[in-house]
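A.B. asks: Attaching a predicted model along with its sequence, questions to come.
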Amino acid sequence: MERPSLEIDLPDTHEEGKLYVVDSLNNLNKLNVCPDESQCSLDEEENTGGTGKSMAGNNTRNQCLFFVTFIFTLIVSLALVSLVIFLIIQTRNEMDQISSRLLSEKKNIEELKKINKILLKHLNQSGIKE
């Protein structure tokens, strides 16, 4: 006894189904990648123009943009490093001024202590009592 096959062998229908699925996936991908179909179709025309000029121009433009961005980044970095060095030098100068003031005040305080000791000695010797 032969079992009846549940699958119907229709090669043409099966291939058409595969093409339909692939086409549907491509359409879905286009919708996800480019929601604006007019811009997407223009991009496709540029990329598939056949001349190859748009791809070469795109590559050259990207290299130029990268180079300009790189130079701009270097200039900004150099400016920031210069600013940091300037601030370090200014801070060092301020610290030198503050330390010299502190040394001078320390000398003044030492002199005042000596004068205070001399006055106390003199008052004790003269016999003036409080």
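C.D. replies: Here it is on my side, so go on.
A.B. asks: residues near F67, how many?
C.D. replies: Residues near F67, counting by other CB atoms under 10 Å, number 10. All C-beta atoms are positioned from the backbone trio N, CA, C, and that covers glycine.
A.B. asks: so where does it fall, helix or strand?
C.D. replies: helix 53-126 (DSSP states H and E).
A.B. asks: looking just at contacts, which helices and strands does that helix meet?
C.D. replies: With contacts defined as 3 or more CB pairs under 8 Å, 6 or more residues apart in numbering; DSSP states H and E, the packing partners of helix 53-126 are helix 37-47.
A.B. asks: quick check: mean pLDDT across the helix it packs on?
C.D. replies: Averaging pLDDT along helix 37-47 yields 53.
A.B. asks: now this structure, which segments are flagged as low pLDDT?
C.D. replies: Within the chain, the ranges that satisfy pLDDT under 70 run 1-19, 32-56, 128-130.
A.B. asks: Much appreciated, bye for now.
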